[in-house]
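*Asks:* got a predicted model here, sequence first, then my questions.
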Amino acid sequence: MSYQGIIHRYKQFLPISEKTPIVTLNEGNTPLIYSSYLSKIIGNGYRVYLKFEGVNPTGSFKDRGMTVAISKALEEKATAVMCASTGNTSASAAAYAAKAGLCCFVLIPNGHIALGKLSQAMIHGAEVLAVEGNFDDALKLVREITSEYPITLVNSLNPYRIEGQKTGSFEICDELNQAPDFHAIPVGNAGNITAYWKGYQEYFSHGKINFLPKMLGFQAEGAAPIVRGYPIANPQTIATAIRIGNPASWEQAEKARNESGGLIEMVSDQEIISAYQQLASKDGIFAEPASCASVAGIIKLSLQGYFKKNKPKKESPTIVCVLTGHGLKDPDCALQTIGKPKVVVAEKKAILKEIGY
Ligand code: AN7
């Protein structure tokens, strides 16, 4: 049978029964790409892999959670779903709701979501409302509305989202035939770090892996409530996907950090953009800025001597960085970073002059 998405592949680990109508876009099965460039930067014999979640059907990791959340919503006879979103959740919810024939309501922070994501939510037919407030304000409203009206919440507070997203760790372990030593991941609302940690723990208790990774979470400096230890009223970062000041899964993220012996740190916008450019120009991977917080994070830790100091006693320890979303989500950011193309006259001579021949 050809590949049919994460529910079919990992059914035994998911809250799915014979009665569940499976709504899938064949999400998951994303590539784990070896990066010789980053392995060289980190040094000390480490092997760095990139789990490129940007190649999911709607271009982000959210699809893993959404296939389960929407399938369960359908099973439970829901007619409408709702989410607050910095963009990717809304794109994914809108697509899966469209396929399921459900109404989808989306609240986004006005003026702070990338164009690609907005266009996805709109074209899939969601009712999109741009709220004059930030993500945290929008999520608060969605929690209130969904608790009062027959509308299913599909943010990661919905436990089915976490269930689906944990399959990312299963795929990594299945491919490496073991857990990685370090797992680096961007942290926004903190659902994904919670999900990955749950996945690793389940594989460990099933004997599929015989150690657990250290979880390394990275927030953007201007939106780093967990690192600073208090909610940020007015979060700011170029990585709009993680522009979140009061994460819903705050405690679970701290639990993942503490239980794994890892850390949650922050990276500046400048470090994020530098990682974004390096990934694109050295590794050929276009990941959206928020995704690059994981790469910026390991580069920063490596400069501080973290990986040398914490090197496991083995030949080639592994680091997996999750690249959560595709760079095409936010083309404005790419062009603002790198500039626009030079315009030339349509003459061979002029072109050859420009390219140095
Ligand atoms: C590319 O879409 O919160 O820590 O509303 O889009 O699980 O929140 C997106 C989050 C990382 C952070 N990378 O994950 C939303 C939203 C990308 C993202 C995160 C998001 P969480």
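*Replies:* Looks like it came in fine.
*Asks:* pLDDT at the nearest residue to Ser249 once chain neighbours are set aside, what is it?
*Replies:* Closest residue in space to Ser249, ignoring its immediate chain neighbours: Ala190 at 3.8 Å, by CB to CB, 6 or more residues apart in numbering. Placement of C-beta: from N, CA and C, glycine included. With respect to pLDDT, Ala190 has a value of 98.
*Asks:* state the distance from Ala190 to Ile209.
*Replies:* Separation of Ala190 from Ile209 (CB to CB, to the nearest Å) stands at 23 Å.
*Asks:* and these two? Which one has more around it.
*Replies:* Neighbours per residue (other CB atoms under 10 Å) separate Ala190 from Ile209, with Ala190 holding more: 26 against 23.
*Asks:* check contacts around that one.
*Replies:* Residues counted as contacts of Ala190 (CB atoms under 8 Å, 6 or more residues apart in numbering) are 217, 226, 247-250, 252-253.
*Asks:* rerun at 6 Å
*Replies:* 247, 249-250, 253 (CB atoms under 6 Å, 6 or more residues apart in numbering).
*Asks:* try Leu157
*Replies:* Ala248.
*Asks:* distance of the residue nearest to Ser249 relative to Ala224?
*Replies:* Taken as CB to CB, the span from Ala190 to Ala224 is 12 Å.
*Asks:* any quick PyMOL command for the buried ones out of the contacts of Ala190?
*Replies:* Typed into PyMOL, the line below selects the buried ones among the contacts of Ala190, using 16 or more other CB atoms under 10 Å:
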select buried, resi 247+249+250+253
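*Asks:* out of the contacts of Ala190, who's nearest Tyr230?
*Replies:* Nearest to Tyr230 out of the contacts of Ala190 is Trp250 (CB to CB; 10.6 Å).
*Asks:* OK, contacts around the closest one?
*Replies:* Residues in contact with Trp250 (CB under 6 Å, 6+ apart) are Ala190.
*Asks:* report pLDDT for it.
*Replies:* pLDDT, read off for Trp250, is 98.
*Asks:* repeat that for Met1.
*Replies:* Looking at Met1, its pLDDT is 79.
*Asks:* again with Tyr10
*Replies:* 98.
*Asks:* and it, what element?
*Replies:* helix 6-10 (DSSP states H and E).
*Asks:* show me what that helix is packed up against.
*Replies:* Packing partners of helix 6-10 (3 or more CB pairs under 6 Å, 6 or more residues apart in numbering; DSSP states H and E): helix 167-176.
*Asks:* mind listing what's buried along the helix it packs on?
*Replies:* So helix 167-176, judged by 16+ other CB under 10 Å, has buried residues 167-174.
*Asks:* related to what we said a few turns ago, next one: the residue nearest to Ser249 from the ligand, what distance?
*Replies:* Relative to the ligand, Ala190 is positioned 5 Å away (CB to the nearest ligand atom, to the nearest Å).
*Asks:* would you list the phi and psi of that residue?
*Replies:* phi 70, psi 20 (degrees, to the nearest 10).
*Asks:* assumed Lys51 was part of a strand.
*Replies:* Yes - under DSSP: H, G, I helix; E, B strand; the rest coil, Lys51 falls within a strand.
*Asks:* could you give the bridge partners of it?
*Replies:* Leu32, Val322 (DSSP bridges).
*Asks:* number of nearby residues for it?
*Replies:* 26.
*Asks:* same check, this time on Ala287
*Replies:* Neighbours of Ala287 (other CB under 10 Å): 27.
*Asks:* the residue lying closest to it once chain neighbours are set aside: what's it in contact with?
*Replies:* Distances taken as CB to CB, 6+ apart put Leu323 closest to Ala287, at 4.0 Å, once the chain neighbours are dropped. Contacts of Leu323 were listed using CB under 6 Å, 6+ apart, and they are 50, 52, 54, 287, 291.
*Asks:* closest one of the residues you listed to Ile242?
*Replies:* Ser291 (9.3 Å).
*Asks:* quick check: the gap between that closest one and the ligand.
*Replies:* Taken as CB to the nearest ligand atom, the span from Ser291 to the ligand is 5 Å.
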